[in-house]
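[1] model the structure of this input:
(one chain, ligands or ions: 1)
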Amino acid sequence: MSKIGDKIKIHPLYVRIFHWINAVAMVLMIMSGWQIYNASPLFEWLEFPRSLTLGGWLGGGLQFHFAVMWVFVINLLIYFFVSILSGHYRRSMFPVTPMSILRDLGKALRGRLPHDVGHYNSVQKISYIGVIVLMLTVFLSGLAIWKSVQFQTIGLLFGGYEGARLVHFICMSLICAFIVMHLVLVAIVPSTFIPMITGWARKSAPVEKGVDHVA
Ligand code: HEM
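    Residues are numbered from 1 along each chain as shown. The predicted structure follows:
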């Protein structure tokens, strides 16, 4: 664990690089995705406001979506595999049990959930695990829609082309819900923001268990 005075390093560099590239890529993917959706809506009652879409028209939306897709996927896969190999997930996101989630959720709802520096609570753990699974699923269902012949087998996992489209849409909606909740939580505990840029946090609470205390 790196320590300087009362500061400890809580986020490894590769997590921070992934995180900020991912935040920008995700917004561009969602906005260009909404442009593509509007050209052929899944639900007749739902159309996204033009001001929230990217690309200007269907062709432009597709170009943004396919260009940013490479950045999103390569960034996600590097983060995912390095996190597994380095033990980041094992240390920072596990263990997490239904009981610990219920306990921390109860504390959060009563405004009594302390934020230990360098330690994700169970609600954070399950929501980060959830959004990582959603991003991997949005990637796989996207492959099945993009190249439906070449990736037929993946398409079958989602019940065919239309199934993959629905799963892609549902994952996008849940990722949007995550982003809103994530931003509200960062606004409630703003001291978590700078460490996600610099990696360093002031040690003001127990740090034995934790989000990677990085060397
Ligand atoms: C401007 C937008 C965003 C801000 C300000 C932000 C802020 C943060 C902060 C401060 C943390 C660390 C929390 C802590 O230490 O307690 C964090 C972690 C995380 N955020 Fe974000 N975030 C943003 C966008 C996103 C997006 C769009 C996603 C994914 C869809 C995302 C996924 C994650 C994940 C998975 C982690 C845990 C990373 C790890 O430890 O491996 N964030 N975020």
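[2] may I have the strands that pair with the lowest-mean-pLDDT helix or strand in the chain, each with its orientation?
    One helix or strand of the chain scores below all others by mean pLDDT, DSSP states H and E: strand 3-4, with a mean of 82. Pairing partners of strand 3-4, with direction, according to DSSP bridges: strand 7-9 (antiparallel).
[3] so where is this structure shaky, pLDDT-wise?
    Applying pLDDT under 70 to the chain flags residues 1, 204-215.
[4] what residues does it have near the ligand?
    Near the ligand, the residues belonging to the chain are 15, 19, 22-23, 26, 92, 128, 131-132, 175, 178-179, 182, 186, 192-193, 196, 211 when assessed by C-beta under 6 Å from any ligand atom. (Glycine included, C-beta is placed from N, CA and C.)
[5] and whatever helix or strand residue 24 lives in, which residues are buried?
    In the assignment (DSSP states H and E), residue 24 maps to helix 13-39. Across helix 13-39, burial judged by 16 or more other C-beta atoms under 10 Å covers 15, 18, 21-22, 25-26, 28-38.
[6] that one - contacts with which helices or strands?
    If you count contacts as 3 or more C-beta pairs under 8 Å, 6 or more residues apart in numbering; DSSP states H and E, helix 13-39 packs onto helix 58-86, helix 161-188, helix 195-198.
[7] dump these into a markdown table; add distance to residue 107 and mean neighbour count as well.
    Output for the helices and strands packed on helix 13-39, formatted as a markdown table (distance: least, C-beta to C-beta, whole Å; neighbours: other C-beta atoms under 10 Å):
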| stretch | distance to residue 107 | mean neighbour count |
| --- | --- | --- |
| helix 58-86 | 27 | 16 |
| helix 161-188 | 13 | 15 |
| helix 195-198 | 22 | 15 |
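[8] out of those helices, which comes closest to residue 142?
    Of all the helices and strands packed on helix 13-39, it is helix 161-188 that lies closest to residue 142, at 5.8 Å by C-beta to C-beta.
[9] and the angle from the closest one to helix 13-39?
    130 degrees (axes from the mean of the first three to the mean of the last three C-alpha atoms, to 10 degrees).
[10] for helix 161-188, packing partners?
    Under the contact criterion of 3+ C-beta pairs under 8 Å, 6+ apart, helix 161-188 touches helix 13-39, helix 122-146, helix 152-157.
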